[in-house]
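K.L.:
below are the sequence and a predicted model for it; my questions follow.
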Amino acid sequence: MQVSIRKIGNSQGVLIPKPVLAQVGLDDVAELRVNNGVIEIRPAKRNPREGWARDSQRIAEAGDDALAWPEFANDDDRDLVW
């Protein structure tokens, strides 16, 4: 697919069709780099734990933060000397 390079303010840009953006999973942020003379646009790497603090706070506020597995021990654990 050929696209036109357009002037955008003091820069230049290319309009990327919405279906192409959806196909590669691009939303609002992307990584842009030049690799051996080729411009690469990739989905931005996000922190896999992004939002965990907010979600855990929401779960605690809802009172839904009980243990998933009950605590358990072996019968002889009380005899262990630490």
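P.N.:
Cool, got the structure.
K.L.:
contacts and neighbour counts: CA atoms only from here.
P.N.:
Noted.
K.L.:
hang on, Q23 in a helix?
P.N.:
Yes. According to DSSP: H, G, I helix; E, B strand; the rest coil, the state of Q23 is that of a helix.
K.L.:
that one: how many residues sit nearby?
P.N.:
As a burial measure, the neighbour count of Q23 was computed by other CA atoms under 10 Å and equals 8.
K.L.:
any idea how far it is from R42?
P.N.:
11 Å (CA to CA, to the nearest Å).
K.L.:
do P17 as well
P.N.:
Separation of P17 from R42 (CA to CA) stands at 15 Å.
K.L.:
who has more neighbours, these two?
P.N.:
R42 (15 against 9).
K.L.:
kindly list the longest helix within this structure.
P.N.:
Secondary structure of the chain per DSSP state H: the longest helix is helix 52-61.
K.L.:
regarding I41, what is its secondary structure?
P.N.:
For I41, the reduced secondary structure class is strand; criterion used: three-state DSSP.
K.L.:
against P70, how distant is the residue lying closest to it once chain neighbours are set aside?
P.N.:
Nearest-residue entry for I41: L32, 4.7 Å, with adjacent residues in sequence omitted and distances by CA to CA, 6 or more residues apart in numbering. Relative to P70, L32 is positioned 48 Å away (CA to CA).
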